[in-house]
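Student: Could you work out the structure for the sequence below:
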Amino acid sequence: MRPEYLGQVLGIEQASFKNPWPPAAFAAEIQHPWSWFRVIGPAKKTDGISRVDGFIICWVILSDMHVLNLAVLPECRRKSLGSALLQDSLADFSRQGGGYVSLEVRPSNLAAQELYRAFGFEVVGRRKQYYRSDNEDALIMALEVEEEQMRGRKDTGN
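Tutor: Take a look at the predicted model:
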């Protein structure tokens, strides 16, 4: 992630979520040393800037990783971009020694749950009224990642 991609990331966020993060939150994540913020898109550039089709933000602190945000442009979904972003983050975490990975997801977001389950995440809890805009609960999903465990894992096709 580079600052020049921020506008595209904000557009993806707006198109993906009922209650999108504010621009300042994304700008802060670029600065945090514990933040693993990556984008994905085609290699070709438009006006000198690469196109961004999706992004992931994780916090990696020692042997814990928390997936904060993962989104792909609506027209680019179901093309394995979300899988590639998640795979890359888990593989990097594995190379760093691995550990516990967690995230929150809306019970109504079945596509995201399907993606996470394909990687071995399981529901381990629930946060009541986590999403304040509509008081929807959050499912807590988690996965234990061993060192180098993710190397060589095949794409799930999501």
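Student: Residue ranges in the protein under the pLDDT threshold?
Tutor: Residues of the chain meeting the criterion pLDDT under 70: 44, 46, 149-158.
Student: need the helices for it, in chain order.
Tutor: Applying DSSP state H to the chain gives helices spanning 6-16, 23-31, 81-95, 110-118.
Student: ok, the spatially closest residue to residue 23 that is not a sequence neighbour - contacts?
Tutor: Computed as Cβ to Cβ, 6 or more residues apart in numbering, the closest residue to residue 23 that is not its neighbour in sequence is residue 10, at 5.8 Å. From N, CA and C alone the C-beta is placed, and that goes for glycine too. Under the criterion of Cβ atoms under 8 Å, 6 or more residues apart in numbering, the contact list for residue 10 reads 20, 23, 26.
Student: Excluding sequence neighbours, find me the nearest residue to the spatially most central residue of the chain.
Tutor: Using Cα atoms, centre = their mean, the residue of the chain that lies closest to the mean C-alpha position is residue 70, 2.8 Å off. In space, and not counting its chain neighbours, residue 70 is closest to residue 56: 4.7 Å by Cβ to Cβ, 6+ apart.
Student: what does residue 128 give?
Tutor: Using Cβ to Cβ, 6+ apart, the closest residue to residue 128 is residue 137 (5.5 Å).
Student: Double-check residue 21 against residue 14; I have them as touching.
Tutor: No - the pair residue 21 / residue 14 is not scored as a contact, 9.6 Å apart, by Cβ atoms under 8 Å.
Student: And the two? Which one has more around it.
Tutor: A count of neighbours by other Cβ atoms under 10 Å puts residue 21 above the other of residue 21 and residue 14, at 18 against 11.
Student: List only buried entries from the contacts of residue 10.
Tutor: 20, 26 (16 or more other Cβ atoms under 10 Å).
Student: Out of the helices of the chain, which is closest to residue 37?
Tutor: Among the helices of the chain, helix 23-31 comes nearest to residue 37, with 5.2 Å by Cβ to Cβ.
Student: list the helices and strands the closest one packs on?
Tutor: helix 6-16, strand 35-40 (3 or more Cβ pairs under 8 Å, 6 or more residues apart in numbering; DSSP states H and E).
Student: Residue 114 is nearest to which of those?
Tutor: Here helix 6-16 is closest among the helices and strands packed on helix 23-31 (Cβ to Cβ), at 15.9 Å.
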